[in-house]
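Trainee: Structure here, sequence nowhere to be found:
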């Protein structure tokens with residue numbers, strides 16, 4: 001089993017207003033049933049950075065000039081036994097998304113070849129049967145969402161807190 005970094009900084013992607021409204025509604029329904037910790041709806045793009053400094057923050061803000069928004073195709077609701085991938089929307093691992101991620105990784109000298117793109121909906125433990133039941137009760141997923149924002153997020157999983165410290169619109 002790989003060692004999980006429970007504290008550090010990650011780069012999240014977020015979505016245009018219409019996509020966020022739809023995703024927040026789904027997130028709300030999931031957490032009314034499963035009651036997980038609060039976090040902002042997102043797709044993890046890159047990380048971890050163990051610490052940040054002014055150079056990293058400047059580099060983060062410079063991404064605005066280097067990247068444009070991208071469209072992500074959504075596959076299906078899915079789940080795993082990993083607490084932080086407990087219940088999520090599976091995102092198509094497209095060439096556009098992989099290039100986007102690899103270029104951002106390169107900007108911060110991050111090496112992470114184990115990428116499973118997904119939009120988290122619930123963190124925690126829940127039975128497989130309960131997850132399957134909930135999937136049958138959720139609305140049909142939109143075909144795609146528009147990723148138009150990047151966030152530099154401080155993560156402390158030891159206390160289940162995720163703080164967006166910096167954000168840019170693409």
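Mentor: Right, received. Where do you want to start? Computed from a predicted structure; not experimentally measured.
Trainee: elements contacting the lengthiest strand in the chain?
Mentor: Determined from DSSP state E, the single longest strand within the chain is strand 144-156. The elements that strand 144-156 packs onto, with contact taken as 3 or more Cβ pairs under 8 Å, 6 or more residues apart in numbering; DSSP states H and E, are strand 7-15, helix 17-34, strand 43-49, helix 54-66, strand 70-79, strand 161-169. C-beta coordinates here come from the backbone N, C-alpha and C atoms, glycine included.
Trainee: Which strands border the first one, and is each parallel or antiparallel?
Mentor: Strand 7-15 pairs in its sheet with strand 43-49 (antiparallel), strand 144-156 (antiparallel), by DSSP bridges.
Trainee: How confident was the prediction at the residue nearest the centre of the chain?
Mentor: Per Cα atoms, centre = their mean, the C-alpha nearest to the average position across the chain is that of residue 43, at 2.1 Å. What the model reports for residue 43 is a pLDDT of 97.
Trainee: just residue 122 next, same as before
Mentor: Note for residue 122: predicted pLDDT of 96.
Trainee: what's the distance between it and residue 153?
Mentor: 18 Å (Cβ to Cβ, to the nearest Å).
Trainee: When the two are compared, which one has more neighbours?
Mentor: More neighbours sit around residue 122 than around the other of residue 122 and residue 153, counting by other Cβ atoms under 10 Å; the figures are 24 against 21.
Trainee: what residues are up against the more buried one?
Mentor: With contact set as Cβ atoms under 8 Å, 6 or more residues apart in numbering, residue 122 has these partners: 30-31, 34, 36, 86-88.
Trainee: Same question for residue 16.
Mentor: The neighbours of residue 16, taking Cβ under 8 Å, 6+ apart as the test, are 69, 145-146, 148.
Trainee: Same check on residue 111?
Mentor: Residues near residue 111 by Cβ under 8 Å, 6+ apart: residue 105.
Trainee: per-residue confidence for it?
Mentor: If you check residue 111, the pLDDT there is 86.
Trainee: quick one: low-confidence ranges for the protein?
Mentor: The chain contains residues with pLDDT under 70 at 1-5, 157-159.
Trainee: Just the endpoints, please. Distance across stretch 28-45?
Mentor: With Cα to Cα, to the nearest Å as the measure, the ends of stretch 28-45 fall 22 Å from one another.
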